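coordinates only, no sequence provided:
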């Protein structure tokens, strides 16, 4: 009777120990990824960072509204944008990073008025800077990834070409891209370069996957 009770207690302790070990293993795996991709250094000290190599992809999910005035008028020089409307944006994006350098960035999305009119399609394609050495090691270099440790953010600045309905409309457009807390993407497009087409608002999306390249 006493032996049976001790065996029962030993069995419960063994099960609890197994659960604790399993939870520790799972959390450690996530922690290792977070440390690898986000925690190596801060944005102010990129030279000491372990190189980041990841593939990330997700969706575009944005409502654009409340545009600002340009050139002291209430119009934007763009036949596809109506200042009195709100616009829905939906699509997909992908980013490839190798050793702290962006090797691929592209997004395709639909832009449509909330009343179902003015539908058109955009493709944004990363344009590598000409004659930009891959090992220059400067944080301000286009296409070079910086890290902000305290909020788990990766970011980079680059130039892109933007197509509308399959036709190149804007070239060499400056854009700032951030991957925030592994879950959100933010794309801040230069509005002056695009004639205010995106209504002076950043484009947001969700992250579906982030895969570390070993």
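Sure thing, it's come through. The structure presented is a predicted model; accordingly, all values stated were derived computationally and were not measured.

distance of residue 100 from residue 154?
Going from residue 100 to residue 154 by C-beta to C-beta, to the nearest Å gives 10 Å. The way it works is simple: take the backbone N, C-alpha and C, and place the C-beta from them, glycine included.

mutual contacts of these two, please.
Shared contacts of residue 100 and residue 154 (C-beta atoms under 8 Å, 6 or more residues apart in numbering): 52, 145.

which residues of the chain fall in helices?
With DSSP state H as the criterion, the chain has helices at 2-37.

how about the strands in it?
In the chain, the segments counted as strands under DSSP state E are 54-64, 87-98, 101-113, 120-127, 146-148, 153-164, 167-180, 184-189, 203-212.

and the first one, what does it pack against?
For strand 54-64, the contact count by 3 or more C-beta pairs under 8 Å, 6 or more residues apart in numbering; DSSP states H and E identifies strand 87-98, strand 101-113, strand 203-212 as packing neighbours.

please apply the same query to the longest one.
The criterion is 3+ C-beta pairs under 8 Å, 6+ apart, and the helices and strands that strand 167-180 contacts are strand 120-127, strand 153-164, strand 184-189.

likewise for the third one?
The contact analysis (3+ C-beta pairs under 8 Å, 6+ apart) places strand 101-113 against strand 54-64, strand 87-98, strand 120-127, strand 153-164.

quick one: list the elements packing against the third one.
The one in question is strand 120-127. By 3+ C-beta pairs under 8 Å, 6+ apart, strand 120-127 packs against strand 101-113, strand 153-164, strand 167-180.

in JSON lines, list the ones you listed along with mean pLDDT.
Listed next are those as JSON lines, based on pLDDT from 0 to 100:
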{"stretch": "strand 101-113", "mean pLDDT": "96"}
{"stretch": "strand 153-164", "mean pLDDT": "95"}
{"stretch": "strand 167-180", "mean pLDDT": "96"}
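
so can I have CSV of these showing mean neighbour count and distance to residue 86?
Below are the helices and strands packed on strand 120-127 laid out as CSV (neighbours: other C-beta atoms under 10 Å; distance: least, C-beta to C-beta, whole Å):
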stretch, mean neighbour count, distance to residue 86
strand 101-113, 18, 7
strand 153-164, 19, 19
strand 167-180, 16, 22
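
kindly reformat those strands as CSV and extend each row with distance to residue 186.
Formatted as CSV, these follow (distance: least, C-beta to C-beta, whole Å):
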stretch, distance to residue 186
strand 101-113, 12
strand 153-164, 9
strand 167-180, 5
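
pLDDT weak spots in this structure?
By pLDDT under 70, the weakly predicted segments of the chain are 1-50, 66-84, 130-140.

change it to 90
Judged by pLDDT under 90, the chain has its weakly predicted residues at 1-51, 65-86, 115, 118, 127-142, 147-152, 182, 196, 200, 213-214.

just so I know, which of the helices and strands packed on strand 120-127 lies nearest residue 201?
With C-beta to C-beta as the criterion, residue 201 lies closest to strand 101-113 of the helices and strands packed on strand 120-127, at 11.8 Å.
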